[in-house]
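Novice: I need the structure of the sequence given here:
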Amino acid sequence: MGRIFKYLIIVIILGVIGLTAYAYVGPWFGADFSAPTTEVRKPVVLDAN
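Specialist: Modelled structure (predicted):
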């Protein structure tokens, strides 16, 4: 049972390191993390009866 927790913690740590590396190195490989800059307008109908 202890080995399962040990391997699980190692996998979680490697995942965090991998996600952090992807966040820093990703834009060099074409990943775009910026938010869309287009304005969206939708009409809203309020029923105030």
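
Novice: And the contacts of the host helix or strand of residue 17?
Specialist: Of the helices and strands defined by DSSP states H and E, residue 17 is found in helix 2-25. Applying Cβ atoms under 8 Å, 6 or more residues apart in numbering, the set of residues contacting helix 2-25 from outside is 31, 33. In short, each C-beta sits where N, CA and C put it, glycine included.

Novice: So which bits of it are buried?
Specialist: Along helix 2-25, no position meets the burial threshold by neighbour count (16 or more other Cβ atoms under 10 Å).

Novice: average pLDDT across that helix?
Specialist: Helix 2-25 comes out with an average pLDDT of 94.

Novice: ditto for stretch 31-48
Specialist: Here the mean pLDDT over stretch 31-48 is 87, rounded to a whole number.

Novice: got the contact list for that stretch?
Specialist: Stretch 31-48 has contacts (Cβ under 8 Å, 6+ apart) with 22, 23, 26, 27.

Novice: Identify the farthest-apart pair in these.
Specialist: Distances among the contacts of stretch 31-48 were taken as Cβ to Cβ; the most separated pair is 22 and 27, at 9.9 Å.

Novice: Can you get me the centre-to-centre distance for the helix holding residue 17 and its chain?
Specialist: 15 Å (Cα atoms, centre = their mean, to the nearest Å).

Novice: got the CA positions of that helix in CSV?
Specialist: Backbone C-alpha positions of helix 2-25 (Å, rounded to 0.1, in the frame of the first residue of the first chain) are rendered in CSV as follows:
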residue,chain,number,x,y,z
GLY,A,2,2.9,2.3,0.7
ARG,A,3,4.4,1.7,-2.7
ILE,A,4,1.2,2.9,-4.4
PHE,A,5,1.2,6.2,-2.5
LYS,A,6,4.9,6.6,-3.2
TYR,A,7,4.4,6.1,-7.0
LEU,A,8,1.3,8.3,-6.9
ILE,A,9,3.2,11.1,-5.3
ILE,A,10,6.0,10.7,-7.9
VAL,A,11,3.5,10.8,-10.8
ILE,A,12,1.8,14.0,-9.3
ILE,A,13,5.2,15.7,-8.9
LEU,A,14,6.2,14.8,-12.4
GLY,A,15,2.9,16.1,-13.7
VAL,A,16,3.3,19.4,-11.9
ILE,A,17,6.8,19.8,-13.3
GLY,A,18,5.6,18.9,-16.8
LEU,A,19,2.7,21.4,-16.7
THR,A,20,5.0,24.1,-15.4
ALA,A,21,7.6,23.4,-18.1
TYR,A,22,4.8,23.4,-20.8
ALA,A,23,3.5,26.7,-19.5
TYR,A,24,7.0,28.3,-19.9
VAL,A,25,8.2,26.5,-23.1
